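A.B. asks: Could you work out the structure for the sequence below:
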Amino acid sequence: MKIAIIGTRGIPARYGGFETCAEKIAEYLANKGHKVLVSCRRYLYPDKPNIHPRIKLIYPISIRGKISDTFSHTFFSVLFTLSWSPDVILMFNAANSPIALFAKFFGKKVAINVDGLEWKRKKWGFMGKIYFKFASSFSTLIADSIIVDSIEIGRYYRSRFNKSSIFIPYGGEIFYSKNPEILSGFGLKPKNYFFTGSRLEPENNQDLMVQEYQQIDTEIPLVIAGDIHSGSNYVKKLKSMASEKVRFIGTVYDKNAYMELQANSIAYIHGNEVGGTNPALLSAMGCGSIILALDVPFNREVLGDCGIYYTKKIGSLSSAIKEILNKPAFFSSLGERARERVRKLYNWEEVGKKYEDLFCKLKNEK
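C.D. replies: So this is what the prediction gives:
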């Protein structure tokens, strides 16, 4: 079987959750004997690496811009992909769904991983929100199969669009600290800091974390990973709010370093409230971190009873942090429980098999 994967920045994964998912699926399918094509953004991969003899990487052009980059790259990816004649096309991001028309016109089977509720992100203006709502609705009309990585997202598509979906979760990796010395490069010591790592955007609530952390009488720092040099109004706000107890370490591109930061923290603070299964949360769980998660349905679905929840109410997060500082041994078992939950429910091998089963089903449909 020939499967094309488009709509991500590309592989090897260097930039985010979609890319990790694309890489893991591609590797699983290739190891099972299938031929896989993955589209990559040319300017992000000047080295054009080879990763597997059965995985073909292509590098179509794109028009750089906040919105045009993704849309144009997917458009040219589809044009190239059609000449490769795949049996199934896996497209990431519901925003790309209008481009799937070209693939459908040539009789190709298309599965779309729709991601989360993108229009709820505060970074998008009015027209952006309207487009994402339209694209999500259109994806239910054009795709042969809608894939969701969260049961909650599936419920939304059922209630809002009356469309059934296939639930295939994101995967997580089990990680044990092997090189805590890496922390010294960040000026940190194991189990002597709280950590959060995600895009610095309003819906990830780093401002709430900073505000709440100021209320705690401690010299232990709150360490925040993310693009502190973006120049956005939100980043400027974070900088203006932060005291010396808050350390911004920028984007951590090295995967092992990032996971060492998670594994060796006192606790990982997760503030994401929009979207489905969040890769950063799964990563922290796989690292055995004690997790403080914002109490929203998506986070409860993933974390279950293996973490501590807080709300946006003043004092909720700071009280939870104080509890951990006062009784660390009491909460220590949560980390291993979270790791075990990843083993059981978010296994990449099982994720790959579910994608393979879906693609076989789509190929055989008339």
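
A.B. asks: Give me the phi and psi for the spatially closest residue to Glu173 that is not a sequence neighbour.
C.D. replies: Excluding the flanking residues, the one nearest Glu173 by Cβ to Cβ, 6 or more residues apart in numbering is Gly286, at 5.0 Å. Heads up, the C-betas are built off the backbone N, CA and C, glycines and all. Gly286 has phi and psi values of phi -70, psi -20 when expressed as degrees, to the nearest 10.

A.B. asks: wait, what's in contact with Gly286?
C.D. replies: 172-175, 338-339, 342, 346 (Cβ atoms under 8 Å, 6 or more residues apart in numbering).

A.B. asks: Could you do Ile308 as well?
C.D. replies: 267, 290-293, 320, 323-324, 331, 334 are the contacts of Ile308 under Cβ under 8 Å, 6+ apart.

A.B. asks: what's the first-to-last distance across stretch 61-75?
C.D. replies: This stretch, stretch 61-75, spans 10 Å end to end (Cα to Cα, to the nearest Å).

A.B. asks: hmm, I was thinking of stretch 5-22
C.D. replies: 7 Å.

A.B. asks: pLDDT on it, on average?
C.D. replies: Average pLDDT, stretch 5-22: 87.

A.B. asks: buried residues in that stretch?
C.D. replies: 5-13, 17-22 (16 or more other Cβ atoms under 10 Å).

A.B. asks: Specify the local secondary structure of Ala103.
C.D. replies: With DSSP: H, G, I helix; E, B strand; the rest coil as the basis, Ala103 sits in helix.

A.B. asks: before we move on, what about Arg343?
C.D. replies: Applying three-state DSSP to Arg343 yields a three-state assignment of helix.

A.B. asks: Do I have it right that it meets Ile174?
C.D. replies: Yes - between Arg343 and Ile174 there is a contact at 6.3 Å, judged by Cβ atoms under 8 Å.

A.B. asks: hang on, the earlier thing: right, and the pair among the contacts of Ile308 with maximum separation?
C.D. replies: By the measure Cβ to Cβ, Ala293 and Glu323 form the most distant pair in the contacts of Ile308, at 14.4 Å.
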